[in-house]
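Asks: here is the input, now give the coordinates:
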Amino acid sequence: MHSFTTERLFIRALEKQDQALYCHLYTDAKVMRHICQPLSQEQAMKAFHTTLNKQTSNTNHQFSWAITSKETNQAIGIVGFQSQEKEHAILGLLIVENSQGRGYAPEVFKELINVCHNTFGFKKFTSQVQKDNINSIKFLKLIGFRSEQLAHTKDIDTYVFNI
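Replies: Residues are numbered from 1 along each chain as shown. The predicted structure follows:
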């Protein structure tokens, strides 16, 4: 359901088989350094099952995909959206540390925006990025996102980007 590809990546709906990838990403301190404190293994497993349950509820308020490299056939990350408003999606992405910095993020987000617009009807897209996450800020600007505001939450400055 809702699988898509880019030049170098295959992106498919998150499934039970992705539990190890999900837990690895959410418990890895380096991957989570610009997002929040890493989860414990138990918290990550619970979050994974919650994510899968929301995905099968057919409400279109949240959906996640596993990202796989076509070259290596290895899972390298997770991308998805949450939505509280009918035409507005909040996008998020996690990529394993050894695959970061290879241009996968803009490649995935560009196609994710197309899929979310054409399949789910979203017209506005937002992504939140911590102020010190320079690489994510660069890639969002590269694909046309604009910084709308600087939010202050829990002693963390976060930019809100919109397209």
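Asks: hey, where'd the helices end up in this protein?
Replies: Applying DSSP state H to the chain gives helices spanning 19-27, 29-32, 41-55, 104-120, 134-142.
Asks: gap between residue 89 and residue 26?
Replies: Distance of residue 89 to residue 26, computed by Cβ to Cβ, to the nearest Å: 21 Å. Using the backbone N, CA and C atoms, a C-beta is placed for each residue, glycine as well.
Asks: ok so, going back, residue 66 is nearest to which of the helices of the chain?
Replies: Proximity to residue 66 (Cβ to Cβ) singles out helix 19-27 among those, at 6.4 Å.
Asks: now render the helices of the chain as TSV, adding mean neighbour count and mean pLDDT.
Replies: As requested, these are arranged in TSV below (neighbours: other Cβ atoms under 10 Å; pLDDT from 0 to 100):
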stretch	mean neighbour count	mean pLDDT
helix 19-27	19	98
helix 29-32	13	96
helix 41-55	15	94
helix 104-120	18	94
helix 134-142	16	93
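Asks: just tell me which of those ends up closest to residue 161.
Replies: With Cβ to Cβ, the closest approach to residue 161 among those belongs to helix 134-142: 4.7 Å.
Asks: could I have that closest one exported to PDB, CA atoms only?
Replies: Provided in PDB are the C-alpha atoms of helix 134-142 (Å, rounded to 0.1, in the frame of the first residue of the first chain):
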ATOM      1  CA  ILE A 134      22.400  22.300  10.100                       C
ATOM      2  CA  ASN A 135      22.200  19.500   7.600                       C
ATOM      3  CA  SER A 136      18.500  19.100   7.900                       C
ATOM      4  CA  ILE A 137      18.000  22.800   7.600                       C
ATOM      5  CA  LYS A 138      20.100  22.900   4.400                       C
ATOM      6  CA  PHE A 139      18.200  20.000   2.800                       C
ATOM      7  CA  LEU A 140      14.800  21.500   3.600                       C
ATOM      8  CA  LYS A 141      15.800  24.800   2.100                       C
ATOM      9  CA  LEU A 142      17.200  23.000  -0.900                       C
END
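Asks: same for it, what does it pack against?
Replies: With contacts taken as 3 or more Cβ pairs under 8 Å, 6 or more residues apart in numbering; DSSP states H and E, helix 134-142 sits against helix 104-120, strand 124-130, strand 156-162.
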